[in-house]
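# sequence first, predicted coordinates after that:
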Amino acid sequence: MPDFPPASGPFETLAGNMAGGLLLLCDHARNSIPPEYGDLGVPAAQLERHIAYDIGGRPLTLELARRLTAPALMTTYSRLLIDPNRGEDDPTIVMRLSDGAVVPGNAKIDAAGRQERIERYHRPYHDLITRTLDEMAALAPAPVIVSIHSYTPVWRGTPRPWHAAVLWDSDPRAVQPVIDGLRADPAIVVGDNEPYDGALKNDTMYRHGTQRGLAHVLIEVRQDLIADEAGVQAWADRLEPILARLPGLPGLREIRHFGSRADN
């Protein structure tokens, strides 16, 4: 299991330039489960899989934040406890079964237990994002939100050909520069809303980007490519110059200049 530093709350922060126009997020940074929940009945080997967290996501976020001097916000608990990238009303916010793995500690969770996890873990993270964006917006033009995720290289026996993916819904302001920047490298295959679609109502990007009118982008990197330090550094090298150009994007009123998802 990864050697994560101790956590004293539901989120971890890395200080950065609050007037720099860029906020980094990592929703699935760790596979840790708070002691009062035991291990949720999940074997240790399962907690090392993608079902528990985004492998490589936290170190890549930290490295990008360091290089870009950007603030970063990350969760400190496993997505098996509660998924911060789901809305509070989403039935999959607490998973009973994930990619073939049963989660016994979630099997009989009732409405009260679900609400307790929301209030103790899910909501504080999102409240922190809101406060941070408010503070950043008061200091400089509206910030761009970049969410870092990773995905398993094989899904249900089928290898995934994409080295990275960019997920989005309807706002291409931050999306198109990232796609174009990644695709400038002929050595990698880049998914545009593959292997997932980024249109998920009330997820992190919808809640803090779409609803606030802030430019945002969710970047997924295949987990086998950032599972070690060398991979993290290589992908930080690739992403750093692309993300450095994002602050200063035009406002929502100018979005039509870039077209819409239906146009692209």
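Yep, it's here. Numbers count the residues shown, from 1 in each chain.

# can you give me the helices in the protein?
Per DSSP state H, the chain carries helices over the ranges 44-47, 57-68, 104-107, 111-117, 123-139, 175-183, 204-205, 229-244.

# most neighbours per residue, which of these?
Most buried of the helices of the chain by mean neighbour count (mean count of other Cβ atoms under 10 Å) is helix 204-205; its value is a mean of 24. Every C-beta, even on glycine, is put in place using the N, C-alpha and C of the backbone.

# now do it, average pLDDT.
With pLDDT averaged residue by residue, helix 204-205 scores 97.

# contacts for that helix?
25, 27, 84-85, 126, 129, 145, 147, 167-169, 198, 216, 218 (Cβ atoms under 8 Å, 6 or more residues apart in numbering).

# could those go into TSV alongside pLDDT?
Output for the contacts of helix 204-205, formatted as TSV (pLDDT from 0 to 100):
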residue	pLDDT
L25	98
D27	98
P84	97
N85	96
H126	98
I129	98
I145	98
S147	98
L167	96
W168	96
D169	94
G198	85
H216	97
L218	98
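
# shaky segments in the stretch 101-250 of the chain?
Scanning the stretch 101-250 of the chain for pLDDT under 70 picks out no residues.

# hmm, back to that, please pick the buried ones from the contacts of helix 204-205.
By neighbour count, with 16 or more other Cβ atoms under 10 Å, the contacts of helix 204-205 hold 25, 27, 84-85, 126, 129, 145, 147, 167-169, 198, 216, 218 as buried.

# dump those to TSV, plus distance to A184.
Compiled in TSV, the buried ones among the contacts of helix 204-205 are given as follows (distance: Cβ to Cβ, whole Å):
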residue	distance to A184
L25	25
D27	27
P84	32
N85	28
H126	34
I129	30
I145	23
S147	22
L167	19
W168	19
D169	24
G198	21
H216	21
L218	20
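
# what's the farthest-apart pair in the residues you listed?
Greatest spatial distance among the buried ones among the contacts of helix 204-205 (Cβ to Cβ): H126 and W168, at 19.5 Å.

# tell me which of the buried ones among the contacts of helix 204-205 fall in strands.
25, 145, 147, 167, 216, 218 (DSSP state E).

# can you lay out those residues as a markdown table showing distance to L246?
Putting those into a markdown table (distance: Cβ to Cβ, whole Å) gives the following:
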| residue | distance to L246 |
| --- | --- |
| L25 | 14 |
| I145 | 10 |
| S147 | 13 |
| L167 | 16 |
| H216 | 10 |
| L218 | 13 |
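
# could you dump the helices of the chain to a markdown table with distance to P91?
Output for these, formatted as a markdown table (distance: least, Cβ to Cβ, whole Å):
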| stretch | distance to P91 |
| --- | --- |
| helix 44-47 | 22 |
| helix 57-68 | 24 |
| helix 104-107 | 12 |
| helix 111-117 | 10 |
| helix 123-139 | 18 |
| helix 175-183 | 28 |
| helix 204-205 | 17 |
| helix 229-244 | 33 |
